[in-house]
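Novice: just coords:
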C-alpha cells in the first residue's frame, strides 16, 4: 500500500522516483565507493517528508528508538546488518553493553530496548543493559506488558579506570541508545580500550543539526549531479543563529532575518516549479531531539515578540538542555496521507543497510507541523510486501517497493552526511 | 509450520536443537572468527537430511540453482548479502557477467537465472548473461512464462586475451552459475584481471566431494567440541574409491569393502543410540551433480554384479562426465514429512549469510532415497513467519524459527567446509 499523496502537484516526485529507479546501478555503486571512504554510523533513523514536489530528510537520529515499530518480517534483515556491523568493530566480541535512555518507565521506549536486545542476541552477543540512571544501584528488573523482563544494571568503571562494564561483565563494544542530551557522563569519558558506538561526539551534548545539514549539502549536491536533478528536490534550505536566549529575547533579530531570507529563497523555488502551497520554515533547537522546542513559522513577524508560554516552550529541550543555538530550516509539507491522517516515513538503517521503516501518522496534526508528538502512531512499512524488490517497469508512484526504494536512497544520503559530519566534528580525528 | 517428524526417535535432534539455541552467542562468535580466517564461497546451497537422531549436510552446491524457489519475502535479505559479497571483490564494479548452465530450454532453471539477475541488479550492478553454449553466436532472447525476457549473449575474449566479456560489456566480476561438469572451457582459462566467482577449481571438472567431506570432518569436529555433542550427530561417515569403471566392473571390490566398513561403523552408532532403523549407504560419483549416478545400498552384496542398466546409470553423470571416482557415504534417513511426502531442507547462502531455503518434497520417494529427481517439488521455508527470530524459551521441535536456525547453523558448517576445501585444493594458493 502506497499512502495516498494528497497534493495536486506530484509530478516532480514521480519524476524523481523514475530517475532514482533508472539510476539504481549508478546509485548503488556510488554508495559502495562512498562507504570505502567513510564509515557509516553504527545505526541511524531518518525522518523524511514527502511533499510531492520534494522529498527530504528533516531529522537524522544517531540513537534511534522505535525499533519495536518495525515489521517483524524485517528482523532477519536487521540481524544480518548487525552482524556485518559488529564484525567491523569487534569480530571476537562476546559481550555487548547497551546503554539505554534514563527514562526507564516509558513502556514504548523499553519495547525498543527489548527489540534491540533481541537483534543483537541473535547476532551472537551476550547483551546486558547498563544504565546511567543514578537511582539504579543494584540489578533492577523491569517487566514489559508482554512479559519480557529487562534487567537494568549499574555501570561500573574497572579498578584501573580504563574500561567500563557491569559487575562480572566486560564488554568489547558499548552501544549507546542514549543521546546524551544531559551531557557526557563522567563514567563514559576517556575510554580507550573499548569501542563506544556511536562515539561521544554524536551525542546532543556536542552534536549540532547545522553540522549535519552542512554535510548533507555536500552529499545532496554530489548525488543530484549523479542522477541529474536540482539538489533542492532532496535538500531543505537552512540557516543558523547562535547565542539565542528565548527567555531574555536575545537573538530575535537573527531569527527574523534568517526566516525572511529562507522564505524568500523558498518562494523563488516555488515560483520556478509553479508550486502554489504556502512556504514555511521550522525553527528548532540546533541540539536535541524528541520534538521539543519546535515552531512552524510562515512570516518573520511571528518570531518577534513571542509570549512567555511560547518562549518557555522553545527554550528547553529534553533533559532540560538550554537552547542557545537554533536552526531555521525550510519546511517540507507532508502530503502523504493514511486514512486522512498526515503521515511521514521514518527509515531505519544499521551500518550501511536499510533494515526497515514505518510511517509516523498523526491524525491531529497539519501538513506543515511536526508529527513527532504525543498522539502519533506507527504503521510499519511493509518493505517486503508481495514482489518485494523494486519493479522498474511499474508506473511511478504506484508500487510500494519503488516508493520505499526511493525513501531508502534519500535516507542513506542522510546516513552518509552523518558519517561526514562525525568525521568533521571528531575531537580526536587521528584515533577515529 | 514445522514439518512433521515421522520417527519414533527424535530425542537426539530435539536435544541438538536445544544445545544449538543455547549456544547461539558462542556459535555466532565462532563463525565470526572463522570468517576472519577463511573466505566464504560467493554463494552456496546445502542439502540437509534430518533423521530425528541426526542432522547432516549431504550435498554442498557451489553453483546453486533454485533461487526462484526461495520465498519472495527473503529477497531483501539476499540483496543485502549480495551487496556485502560484491563489495569484497569489486567495490567499484559496474558490470556483472553471469554465466548460466548451457541447457537453455529448462524453464525452471531459467527462472533461477532471472531471479539471480533480479538480486544482483538490485545491488546496483548491470547484469548480462554470457553463455558457453556454442550455438549461441548472436544475442538470443528467451521469453519466460511470466513474460520476462532473458538475453543470452556469446562470450568474447578481449583482443589482448586478458579479459572476457560480451560485446561492449567489460565486467569486473564474472559469476558462474555453471558447474563446469563439461570441463573448464578455454574461454575462461587464464584470466588474471577479472574475478571469477566461484573459482574454476570449484567446478566439477576439478572438484571432489570427498575433499569437501574431508574438510567437513575437521569443521564438524571443532563445532561438536564447541557445543558438546558427538560429531557423528551432524556428520555422515564416508569412504572413497578411485579408478572405478562400472562398465568393465573394475573396482567393485573396493566399493564392497567400503560399504561393509561403513555399514559396520553405522551399526555400532545405531546400537549406541538405540536406533532401530535399517542402516544404508549412498554410492555416488565423487564429482558431479544433478542426482545422477546415485545408488542406495543396504548390503555390500548389492554393489557386486550390477546389471547392465544399473551400471550404465552409475557410470555417467551430467554432461556425459565419466565416473571413475566414487564416494560411499553414510545414508541419513529423511524423517521429515510434509503432507505424507518425504521432505528435505535445502538452505541457501550468499557470502556468509543464510538468505533462505525450501523443502524439497518428493511424494514418490522413500526415506532413504535421493529426492533430487524428477517429480520433486518445493515448499519455501518461511524463515520469517510470525516472530521470525528464534525463541529460546520454546519447547524444542515446536517452532519453525528455531528449527530453521539449527538448519542454518549446520548449513553454514558445510559452507565453512567448502571454504577450507577451496583453499586446500587451490592450484594457485599464492594468488588466492
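Specialist: Noted; the coordinates are in hand. Keep in mind that this is a model prediction, so the values were computed, not measured.

Novice: what are the bridge partners for residue A:354, then?
Specialist: residue A:349 (DSSP bridges).

Novice: Pretty sure it sits against residue A:411.
Specialist: Yes. Residue A:354 lies in contact with residue A:411 (Cβ atoms under 8 Å); the separation is 6.6 Å. Heads up, the C-betas are built off the backbone N, CA and C, glycines and all.

Novice: Now the common contact residues for these two.
Specialist: residue A:347 (Cβ atoms under 8 Å, 6 or more residues apart in numbering or on different chains).

Novice: Those residues of the stretch 151-300 of chain A touching chain B, which are they?
Specialist: Selection of the stretch 151-300 of chain A residues close to chain B by Cβ under 8 Å from any Cβ of the partner chain yields an empty set.

Novice: State which one residue of the stretch 151-300 of chain A is found closest to chain B.
Specialist: residue A:172 (10.5 Å; Cβ to the nearest Cβ).

Novice: what's the neighbour count on that residue?
Specialist: For residue A:172, the count of nearby residues is 19 (other Cβ atoms under 10 Å in any protein chain shown).

Novice: now residue A:52
Specialist: 22.

Novice: before we move on, what about residue A:35?
Specialist: 19.

Novice: Now it. Nearest residue, chain neighbours left out?
Specialist: Leaving aside its chain neighbours, residue A:35 sits nearest to residue A:352 (5.1 Å; criterion: Cβ to Cβ, 6 or more residues apart in numbering or on different chains).

Novice: Got phi/psi on that neighbour?
Specialist: phi -90, psi 10 (degrees, to the nearest 10).

Novice: Does it touch residue A:40 like I think?
Specialist: Yes. Using Cβ under 8 Å, residue A:352 is in contact with residue A:40, at 4.5 Å.

Novice: Now do the residue of the stretch 151-300 of chain A closest to chain B, the pLDDT please.
Specialist: On the pLDDT scale, residue A:172 is placed at 90.

Novice: got it, and residue A:319?
Specialist: pLDDT, read off for residue A:319, is 63.

Novice: Start and end of stretch A:331-343, how far apart?
Specialist: 15 Å (Cα to Cα, to the nearest Å).

Novice: Average pLDDT for that stretch, rounded please.
Specialist: Stretch A:331-343 comes out at a mean pLDDT of 79.

Novice: What residues sit buried inside the longest helix anywhere in chain A?
Specialist: Using DSSP state H to assign secondary structure, the helix with the most residues in chain A is helix A:400-424. By neighbour count on 16 or more other Cβ atoms under 10 Å in any protein chain shown, the buried set for helix A:400-424 is A:400-422.

Novice: helices and strands around it, which ones?
Specialist: helix A:11-22, helix A:24-37, strand A:43-50, strand A:55-61, helix A:209-227, strand A:341-350, strand A:353-362 (3 or more Cβ pairs under 8 Å, 6 or more residues apart in numbering or on different chains; DSSP states H and E).

Novice: weakest of those by average pLDDT?
Specialist: Among the helices and strands packed on helix A:400-424, helix A:11-22 scores lowest, at a mean of 84.

Novice: tell me the angle of that one relative to helix A:400-424?
Specialist: 80 degrees (axes from the mean of the first three to the mean of the last three Cα atoms, to 10 degrees).

Novice: which helices and strands does helix A:11-22 pack with?
Specialist: Using 3+ Cβ pairs under 8 Å, 6+ apart: helix A:11-22 touches helix A:400-424.

Novice: residues in contact with the residue of the stretch 151-300 of chain A closest to chain B?
Specialist: By Cβ under 8 Å, 6+ apart, the neighbours of residue A:172 are A:89, A:90, A:92, A:93, A:94, A:95, A:96, A:194, A:195.

Novice: For residue A:97, see how far away it is.
Specialist: In this structure, residue A:172 and residue A:97 are 9 Å apart, going by Cβ to Cβ, to the nearest Å.

Novice: Which pLDDT does the model give the nearest residue to residue A:20 once chain neighbours are set aside?
Specialist: Nearest in space to residue A:20, with sequence neighbours left out and distances taken as Cβ to Cβ, 6+ apart, is residue A:406 at 5.0 Å. At residue A:406, the model reports a pLDDT of 91.

Novice: The one 3 residues further on now?
Specialist: At residue A:409, the predicted lDDT confidence score is 96.

Novice: shouldn't residue A:208 be in contact with residue A:288?
Specialist: No. When contacts are counted by Cβ under 8 Å, residue A:208 is not listed as touching residue A:288 (9.9 Å).

Novice: Please say which of these two ends up with more neighbours.
Specialist: Taking other Cβ under 10 Å, residue A:208 and residue A:288 do not tie; residue A:288 has more neighbours (25 against 19).

Novice: So out of everything in the stretch 201-350 of chain A, what residue is nearest chain B?
Specialist: residue A:350 (10.2 Å).
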